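Engineer: compute the structure for the input listed below.
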Amino acid sequence: MRGERAGRLGTAALLVALALVLGAGCMSVGVEFPVEPVRDIEIGVTSRADVQRMFGDPWRTGIEDGQRTWTYGRYRYSLFGAAATRDLVLRFNERGVVTSYTFNSTHPSDAAL
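Structural biologist: Numbering: from 1, shown residues only. Modelled structure (predicted):
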(Lines give C-alpha, C1' and ligand atoms only; values in the text may rest on other atoms or scores of the structure.)
Protein backbone atom coordinates (compact mmCIF):
# COMPACT_ATOMS: atom_id res chain seq x y z
CA MET A 1 0.00 0.00 0.00
CA ARG A 2 2.71 2.47 0.97
CA GLY A 3 4.82 1.53 -2.03
CA GLU A 4 1.88 2.09 -4.40
CA ARG A 5 1.21 5.55 -2.97
CA ALA A 6 4.89 6.50 -3.21
CA GLY A 7 4.94 5.27 -6.80
CA ARG A 8 1.86 7.33 -7.69
CA LEU A 9 3.30 10.42 -6.01
CA GLY A 10 6.58 9.97 -7.88
CA THR A 11 4.73 9.59 -11.18
CA ALA A 12 2.58 12.62 -10.42
CA ALA A 13 5.64 14.71 -9.58
CA LEU A 14 7.31 13.65 -12.81
CA LEU A 15 4.21 14.56 -14.83
CA VAL A 16 3.97 17.97 -13.15
CA ALA A 17 7.66 18.65 -13.86
CA LEU A 18 7.25 17.59 -17.48
CA ALA A 19 4.17 19.81 -17.86
CA LEU A 20 6.08 22.79 -16.45
CA VAL A 21 8.98 22.29 -18.85
CA LEU A 22 6.72 21.85 -21.86
CA GLY A 23 4.46 24.69 -20.76
CA ALA A 24 7.33 27.08 -20.39
CA GLY A 25 8.78 25.94 -23.69
CA CYS A 26 12.20 27.36 -22.99
CA MET A 27 15.27 27.00 -20.83
CA SER A 28 17.96 29.54 -20.04
CA VAL A 29 21.48 29.01 -18.75
CA GLY A 30 24.16 31.56 -17.96
CA VAL A 31 24.09 35.27 -17.25
CA GLU A 32 23.43 38.26 -19.53
CA PHE A 33 26.51 40.35 -20.28
CA PRO A 34 27.11 43.52 -22.30
CA VAL A 35 28.30 42.80 -25.85
CA GLU A 36 29.40 46.26 -27.00
CA PRO A 37 32.75 46.09 -25.11
CA VAL A 38 33.77 43.01 -27.14
CA ARG A 39 35.12 45.35 -29.80
CA ASP A 40 37.38 46.98 -27.16
CA ILE A 41 39.28 43.78 -26.29
CA GLU A 42 42.91 43.96 -27.47
CA ILE A 43 45.02 40.81 -27.53
CA GLY A 44 48.27 41.41 -25.63
CA VAL A 45 46.90 44.59 -24.02
CA THR A 46 43.59 43.98 -22.22
CA SER A 47 44.01 42.69 -18.65
CA ARG A 48 41.74 40.57 -16.44
CA ALA A 49 40.94 43.72 -14.45
CA ASP A 50 39.93 45.47 -17.70
CA VAL A 51 37.72 42.52 -18.67
CA GLN A 52 36.07 42.51 -15.26
CA ARG A 53 35.32 46.24 -15.58
CA MET A 54 33.87 45.70 -19.07
CA PHE A 55 31.78 42.59 -18.43
CA GLY A 56 31.58 41.99 -14.67
CA ASP A 57 32.34 38.67 -13.02
CA PRO A 58 32.67 35.71 -15.39
CA TRP A 59 29.92 33.11 -15.46
CA ARG A 60 32.49 30.31 -15.55
CA THR A 61 36.26 30.07 -15.12
CA GLY A 62 38.72 27.33 -16.00
CA ILE A 63 42.06 26.31 -17.46
CA GLU A 64 42.73 25.53 -21.12
CA ASP A 65 46.20 24.38 -22.20
CA GLY A 66 47.61 25.89 -19.02
CA GLN A 67 45.95 29.28 -19.56
CA ARG A 68 43.30 30.75 -17.29
CA THR A 69 39.95 31.12 -19.10
CA TRP A 70 36.91 33.22 -18.34
CA THR A 71 33.57 32.55 -19.97
CA TYR A 72 30.62 34.88 -20.25
CA GLY A 73 27.58 33.15 -21.65
CA ARG A 74 23.84 33.30 -22.00
CA TYR A 75 22.07 30.42 -23.71
CA ARG A 76 18.33 30.42 -24.23
CA TYR A 77 16.74 27.41 -25.86
CA SER A 78 13.12 27.17 -26.92
CA LEU A 79 10.94 24.30 -28.05
CA PHE A 80 8.87 26.67 -30.17
CA GLY A 81 11.40 29.05 -31.67
CA ALA A 82 15.01 29.70 -32.48
CA ALA A 83 17.69 29.51 -29.83
CA ALA A 84 19.24 32.78 -28.69
CA THR A 85 22.83 32.28 -27.57
CA ARG A 86 25.88 34.40 -26.83
CA ASP A 87 29.21 33.45 -25.41
CA LEU A 88 32.57 35.07 -24.92
CA VAL A 89 35.59 32.96 -23.94
CA LEU A 90 38.81 34.76 -23.03
CA ARG A 91 42.24 33.19 -22.45
CA PHE A 92 44.83 34.91 -20.25
CA ASN A 93 48.60 34.45 -19.95
CA GLU A 94 50.48 34.20 -16.65
CA ARG A 95 50.53 38.02 -16.38
CA GLY A 96 46.73 38.16 -16.64
CA VAL A 97 46.66 39.64 -20.17
CA VAL A 98 44.32 38.41 -22.91
CA THR A 99 46.11 36.06 -25.33
CA SER A 100 43.02 35.15 -27.38
CA TYR A 101 39.26 35.21 -27.26
CA THR A 102 36.20 33.98 -29.13
CA PHE A 103 32.78 35.60 -29.30
CA ASN A 104 29.84 33.65 -30.72
CA SER A 105 26.24 34.78 -31.05
CA THR A 106 23.02 33.84 -32.80
CA HIS A 107 21.66 37.39 -32.35
CA PRO A 108 21.53 39.18 -35.72
CA SER A 109 22.31 42.49 -33.97
CA ASP A 110 25.73 41.12 -32.94
CA ALA A 111 26.89 40.47 -36.52
CA ALA A 112 28.93 43.69 -36.62
CA LEU A 113 31.00 42.85 -33.55
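Engineer: show me where this structure has helices.
Structural biologist: 2-24, 48-55 (DSSP state H).
Engineer: pick out the residue nearest the middle of the protein.
Structural biologist: What sits nearest the mean C-alpha location of the chain, by C-alpha atoms, centre = their mean, is residue 73, with 2.6 Å.
Engineer: how much space separates residue 85 from residue 75?
Structural biologist: 5 Å (C-beta to C-beta, to the nearest Å). No exception for glycine: its C-beta is placed from N, CA and C like everyone else's.
Engineer: how about the nearest residue to residue 84, chain neighbours excluded?
Structural biologist: residue 76 (4.5 Å; C-beta to C-beta, 6 or more residues apart in numbering).
Engineer: show me the beta-bridge partners of that neighbour.
Structural biologist: residue 28, residue 84 (DSSP bridges).
Engineer: that one touches residue 31, doesn't it?
Structural biologist: No: counting by C-beta atoms under 8 Å, residue 76 stays clear of residue 31, with 11.7 Å between them.
Engineer: the more surrounded of those two?
Structural biologist: residue 76 (17 against 14; other C-beta atoms under 10 Å).
Engineer: low-scoring stretches of the chain, by residue?
Structural biologist: 1-10, 14-25 (pLDDT under 70).
Engineer: if I look at residue 26, how far off is residue 88?
Structural biologist: From residue 26 to residue 88 the distance is 22 Å (C-beta to C-beta).
Engineer: so for these two, which residue has more residues nearby?
Structural biologist: A count of neighbours by other C-beta under 10 Å puts residue 88 above the other of residue 26 and residue 88, at 25 against 13.
Engineer: just give the nearest non-adjacent residue to the more buried one, would you?
Structural biologist: Here the residue nearest residue 88, using C-beta to C-beta, 6+ apart, is residue 72, at 4.4 Å.
Engineer: residues touching the one you found, list them.
Structural biologist: 30, 31, 33, 55, 58, 59, 86, 87, 88 (C-beta atoms under 8 Å, 6 or more residues apart in numbering).
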